[in-house]
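J.: Quick one: sequence and predicted model below, then my questions.
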Amino acid sequence: MSRSRRKIPIAGVTTAASDKPFKQSEHGRERTAAKIALAKGDEPASRKAFGDPWRGEKDGKAFRPDDPSVYRK
């Protein structure tokens, strides 16, 4: 398996080493919004309204046939 190669050159698009800061800030926004809604007596917003992974620093995948490093497993 040392010579195996990836057959389809699809790799992640990233500008950050980790999603941790993004996730921490989004969960903090969610908790704050829930506290405010409960204090007003309203229903809290859906959990899906916060932390959209496509808005994070590490988002999506791309087809990159020209990049030889993508073919490594």
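T.: Yep, it's here. Fair warning: this is a prediction, and the values are worked out from it, not measured in the lab.
J.: Phi, psi for the nearest residue to residue 14 once chain neighbours are set aside please.
T.: Distances taken as C-beta to C-beta, 6 or more residues apart in numbering place residue 58 nearest to residue 14, at 4.5 Å, with adjacent residues excluded. Where C-beta positions appear, they are placed from N, C-alpha and C, glycine not excepted. Dihedral angles of residue 58 (phi, psi; degrees, to the nearest 10) stand at phi -100, psi 110.
J.: how near is residue 58 to residue 48?
T.: 19 Å (C-beta to C-beta, to the nearest Å).
J.: These two: who's more crowded?
T.: Neighbours per residue, other C-beta atoms under 10 Å: of residue 58 and residue 48, the larger number sits with residue 58, 14 against 7.
J.: Verify the contact between that one and residue 11 for me.
T.: No - applying C-beta atoms under 8 Å, one finds residue 58 not in contact with residue 11, separated by 11.8 Å.
J.: the helices in the chain, which residues?
T.: 20-40 (DSSP state H).
J.: Quick test: name the residue nearest the centre of it.
T.: residue 53 (3.4 Å; C-alpha atoms, centre = their mean).
J.: since we're on the nearest residue to that one once chain neighbours are set aside, how many residues are nearby?
T.: Once flanking residues are discounted, residue 53 sits nearest to residue 59: 6.5 Å by C-beta to C-beta, 6+ apart. Look at residue 59: counted by other C-beta under 10 Å, it has 16 neighbours.
J.: thought residue 59 was touching residue 13?
T.: Yes - the criterion here is C-beta under 8 Å, and residue 59 meets it with residue 13 at 6.5 Å.
J.: where's residue 29 relative to residue 54, distance?
T.: Applying C-beta to C-beta to residue 29 and residue 54 gives a distance of 16 Å.
J.: which intervals of this structure have sub-threshold pLDDT?
T.: 1-2, 73 (pLDDT under 70).
J.: Number of residues surrounding the nearest residue to residue 11 once chain neighbours are set aside?
T.: The shortest distance from residue 11 to any non-neighbouring residue, by C-beta to C-beta, 6+ apart, is to residue 70 (4.5 Å). Close neighbours of residue 70, defined as other C-beta under 10 Å, add up to 17.
J.: No more questions from me, cheers.
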